[in-house]
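A.B. asks: Please find the sequence and the predicted model below.
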Amino acid sequence: PQEPPQEEEPAPATGGNPWGQRSAKVLAPPTKPVTRVQKPPPKPVVRDGFLFICSDATFDECITKKLFGLPRRFLDEMQREITIPGGSEPATMLFLFNIDKGLLHGIFEAASEAALDIEPDAWKTKKSGGGLSPFRAQIRVRRTEEYVAARVQRNRLPTGRLTPQQVTEAENMLKQAMQKVRNNPVNHKKFQPK
């Protein structure tokens, strides 16, 4: 035989309070509707830029030695304006413009501090008289992006420090050239640092 189910005793009027007092009903404060504020996207970091010049006669040496140079009068500007990776500021974007072909090459960054005569014999020609390099303000470089060249007019960008607007312009020219390369990779010559 089964026993009849037992009925549960009703909870005491104290609401289960162990001290036998009545509990006050706690009301939550009125809530305001939550409005989500859309944060603006972060502004892209605009890095400083610096433009070096080369010719057909000096281009290969710039690329194979991973060395850019300018006349000695540019040394102070190079030391002041070019930051190398790993510091508190973003590395300066470096570009190389071949004046004979009208091609902007990039993007590079400094692999050393700018200095006088890193390679004293760099870019010597019969025309330079065989003495010191005609481009004594020098800096070691490495590429930061897939290497590409873009055709530009010579007067678009100045030698030396580039403004943020000029850096953006140079970057955009190279991005457009890269897109063309991706669409037609046969004509692409890639700089492969060792």
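C.D. replies: Received it, and whenever you're ready, just let me know what you need. As the structure is a computational prediction, the values presented were derived from the model and not from experiment.

A.B. asks: helix/strand/coil for Gln166?
C.D. replies: helix (DSSP: H, G, I helix; E, B strand; the rest coil).

A.B. asks: Quick check: chain neighbours aside, which residue is closest to it?
C.D. replies: Leaving aside its sequence neighbours, Gln166 sits nearest to Leu157 (C-beta to C-beta, 6 or more residues apart in numbering; 5.7 Å). Where you see a C-beta, it was placed from the backbone N, CA and C, and this is true even at glycine.

A.B. asks: That neighbour: neighbouring residues, count only.
C.D. replies: Leu157: 21 surrounding residues under other C-beta atoms under 10 Å.

A.B. asks: got the contact list for it?
C.D. replies: Leu157 sits next to 51, 95, 97, 104, 166, 169-170 when contact means C-beta atoms under 8 Å, 6 or more residues apart in numbering.

A.B. asks: Distance of it relative to Ala115?
C.D. replies: 24 Å (C-beta to C-beta, to the nearest Å).

A.B. asks: Okay, and which of the contacts of Leu157 map to helices?
C.D. replies: Assigned to helices by DSSP state H, the following of the contacts of Leu157 qualify: 166, 169-170.

A.B. asks: Return the member of those residues nearest to Asp76.
C.D. replies: Asp76 has its nearest neighbour among those in Gln166, at 20.1 Å by C-beta to C-beta.

A.B. asks: For the chain, give me the ranges with low pLDDT.
C.D. replies: 1-35, 40-46, 125-130, 145-146, 184-194 (pLDDT under 70).

A.B. asks: hmm, try it at 90
C.D. replies: Across the chain, the ranges flagged by pLDDT under 90 are 1-48, 84-91, 124-133, 144-157, 172-173, 175-194.

A.B. asks: My read is that Ala149 contacts Gln176, right?
C.D. replies: No. In this structure Ala149 lies outside contact range of Gln176 using C-beta atoms under 8 Å: 11.6 Å.

A.B. asks: Run through the residues that contact Arg136.
C.D. replies: Arg136 sits next to 69, 71-72, 75, 116-117, 120 when contact means C-beta under 8 Å, 6+ apart.

A.B. asks: Highest neighbour count among those?
C.D. replies: Gly69 (28 neighbours).

A.B. asks: Give me the secondary structure label for Arg36.
C.D. replies: Per three-state DSSP, the secondary structure class of Arg36 is coil.

A.B. asks: typo on my end, it should be Pro90
C.D. replies: Relying on three-state DSSP, one would call Pro90 coil.
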